[in-house]
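# Here is a sequence with its predicted model. Questions after.
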Amino acid sequence: MTIDIDEIKKADAAKARAAAAARRPSAILHRTPFVPPVAVSAEGINVELADGRRLIDGVGGAAVASIGMERISQVATAEINTAVLGMGNKRVIKAIKDQAEKMSYIYNAQCSNEAAEELAHLIIEQSKGAFELVGFVSGGSEAMEGVIKLARQYFYETNQPKRKNFIARNLSYHGNTIGTLELSHHLSRRAPYEAILDHEHFHHVSPAYAKRYQKPHETEDEYVNRLAQELDDKFKELGPDTVIGFVAETVVGATAGVVPPPKGYLKAMKRVCERHGALFILDEVMSGMGRMGTMHGWETYGNDAAPDIQAVAKGLGGGHAELFHRYASIGAVLLNKKVADGIKQGSGWWQHGHTYQAHPIACAAALEVQKVILEDNLLPNCREMGRYMRDLLEQKLKSPNSPAAPYVFDIRGNGGFWGIEFDIPPEHDFGRNMKMRKRFGVLLQAKTMEKGLICIAMDGGVDGVRGSHGILAPPYNITKKGVEDIVNLFVESVEELVREVLL
């Protein structure tokens, strides 16, 4: 094997620059209450920090990475000419490189591009007739903003201008733009902007959160029927002919910690929408494109409940569309034949757009990611490793010998998306327990980082105040060893935190 001394020197110099940058105060307005550590490289599920520490990424960023990350040269270069480790990811980097050399950008209001066209066809073909057309955007919030506008445009084009209301759910999250926050009901993220949000056209019904809100003597069918009746009542309250659609996350992500729908829920909600001529809309930004072990989350929880419009993002590009700061990330809006025909028979075009929409490099990366998932048959592995992760979490966290067992409320999920919910007694929670200066989820996030694991941990998932949860979302090609490493670090973090603040 030939060792390229110049490349080693370049990489060492880049690390030295990154370490120096990590020591100086950050000039970035961060989105966290703490200054995050500086990452300099990534390989598989491992992330290397500028201070020399190595972390295991147990959640793929924010349930983004579907085929893991790869170490590339830390030297900023347009040539991207260094070797990449790992066969699947090497293909994605090559696709990015090839597209950058061929055509790095074209404005999609003037010209389409080959990568976008091929990616759209692949998504349609793999969706088995559920969708007719695809619109590309640059991320999850943009996708849901596009969904809102497309849904309204559909009724505008089909001469139903009175339809102006959206119904979503409490404890939901659909993005961080003003429009998507209005659709969402994530209380802490809405709070600073509540005074400027539109409360006239965005309405909310109860979440589908059986573990918390199904009544003691209520069967699952009765619970689903109650939620369907509530939605039907909301339609009648607003005026059925004024409602654009009902919007739900197929699986609730960060807000409540991977909450799946009850059996029959999606079909029941879709039936209500159809009864009133409204659209059934699903947000699969986190749960779609393979994350649940099926291409679309609704295939796992309601294969007979394909939506009229659906948003996808994170798993679409697998994290690779975001590898280089000069390139765009990716999301998409999927629409079925009914909606597509409505647009075609009206103006014929999507009256919505952004400068970097359908970015050629982002589309090339996403196309190769999807090909890797298909050709390497990763979804069966995602399902198998998901079952293994569930079993390990159950064995370790619910063991009679675990100090965490009394506080573990639920372990739930599917495929590569798992939530662990904790029930902290009020007398021990923040504000009443002097050892807990912060909420349990906040402390857990810090503790896992300290132990060498990246995860998502949050609080208030039950009603905005009660409940804490952690989320794990490894890539679809995770190995048994990778699952064991993630679970061991997570359990170690939880148990140590419980001993420190609850015992």
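That came through fine. Because the structure is a prediction, the values reported are computed rather than measured.
# need the helix or strand of the protein with the lowest average pLDDT.
helix 5-23 (a mean of 62; mean pLDDT, DSSP states H and E).
# Low-confidence stretches in the stretch 201-350 of the chain?
Along the stretch 201-350 of the chain, segments meeting pLDDT under 70 span 319-328.
# So which residues of it form strands?
202-205, 243-249, 279-284, 309-312, 331-335 (DSSP state E, counting those that start in this stretch).
# hmm, back to that, which helix or strand lies directly C-terminal to the least confident helix or strand of the chain?
strand 39-43 (DSSP states H and E).
# May I have the helix or strand following that next one as CSV, with CA atoms only?
Note on strand 39-43: by DSSP H and E, the next helix or strand toward the C-terminus is strand 46-49. Output in CSV follows, covering the C-alpha atoms of strand 46-49 (Å, rounded to 0.1, in the frame of the first residue of the first chain):
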residue,chain,number,x,y,z
ASN,A,46,-17.7,7.7,14.9
VAL,A,47,-17.1,11.4,15.2
GLU,A,48,-13.7,12.9,16.0
LEU,A,49,-13.7,16.3,17.9
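# And strand 46-49, what does it pack against?
Applying 3 or more Cβ pairs under 8 Å, 6 or more residues apart in numbering; DSSP states H and E, one finds that strand 46-49 makes contact with strand 39-43, strand 54-57. C-betas here are computed from N, CA, C, even on glycine.
# Which strands border it, and is each parallel or antiparallel?
strand 39-43 (antiparallel), strand 54-57 (antiparallel) (DSSP bridges).
# nearest to residue 218, of those?
Closest approach to residue 218 among the strands paired with strand 46-49 (Cβ to Cβ): strand 54-57, 39.2 Å.
# buried residues in the closest one?
With burial defined by 16 or more other Cβ atoms under 10 Å, the residues of strand 54-57 counted as buried are 55-57.
# in the stretch 101-250 of the chain, which spans are helices?
114-126, 140-157, 178-183, 187-190, 210-213, 220-238 (DSSP state H, counting those that start in this stretch).
# could I get the ones you listed as JSON lines with distance to residue 301 and mean neighbour count?
As requested, the helices of the stretch 101-250 of the chain are exported to JSON lines (distance: least, Cβ to Cβ, whole Å; neighbours: other Cβ atoms under 10 Å):
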{"stretch": "helix 114-126", "distance to residue 301": "18", "mean neighbour count": "18"}
{"stretch": "helix 140-157", "distance to residue 301": "19", "mean neighbour count": "24"}
{"stretch": "helix 178-183", "distance to residue 301": "21", "mean neighbour count": "22"}
{"stretch": "helix 187-190", "distance to residue 301": "25", "mean neighbour count": "14"}
{"stretch": "helix 210-213", "distance to residue 301": "12", "mean neighbour count": "17"}
{"stretch": "helix 220-238", "distance to residue 301": "12", "mean neighbour count": "17"}
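# just so I know, which of these lies nearest residue 472?
Of all the helices of the stretch 101-250 of the chain, helix 210-213 comes closest under Cβ to Cβ, at 17.9 Å.
# I'd like to know which elements the closest one is packed against.
Using 3+ Cβ pairs under 8 Å, 6+ apart: helix 210-213 touches helix 220-238, strand 408-414.
# Next, format these as TSV and append distance to residue 49.
What follows is the helices and strands packed on helix 210-213, written out as TSV (distance: least, Cβ to Cβ, whole Å):
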stretch	distance to residue 49
helix 220-238	44
strand 408-414	28
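# Relative to residue 294, which of the ones you listed is closest?
Among the helices and strands packed on helix 210-213, if distance is taken as Cβ to Cβ, the winner is strand 408-414, at 8.6 Å.
# what packs against that closest one?
Counting by 3+ Cβ pairs under 8 Å, 6+ apart, strand 408-414 packs on helix 210-213, helix 378-397, strand 417-422.
# Which positions within the last one qualify as buried?
The reference is to strand 417-422. Result for strand 417-422 [16+ other Cβ under 10 Å]: buried residues 417-422.
# And the spatially closest residue to residue 223 that is not a sequence neighbour, how far from residue 226?
The shortest distance from residue 223 to any non-neighbouring residue, by Cβ to Cβ, 6 or more residues apart in numbering, is to residue 214 (4.4 Å). Separation of residue 214 from residue 226 (Cβ to Cβ, to the nearest Å) stands at 9 Å.
# What distance do you get for the residue nearest to the spatial centre of the chain to residue 376?
With distances taken as Cα atoms, centre = their mean, the residue of the chain nearest its centroid is residue 286 (2.2 Å). Distance, residue 286 to residue 376, by Cβ to Cβ: 22 Å.
# just residue 340 next, same as before
31 Å.
# try residue 257
29 Å.
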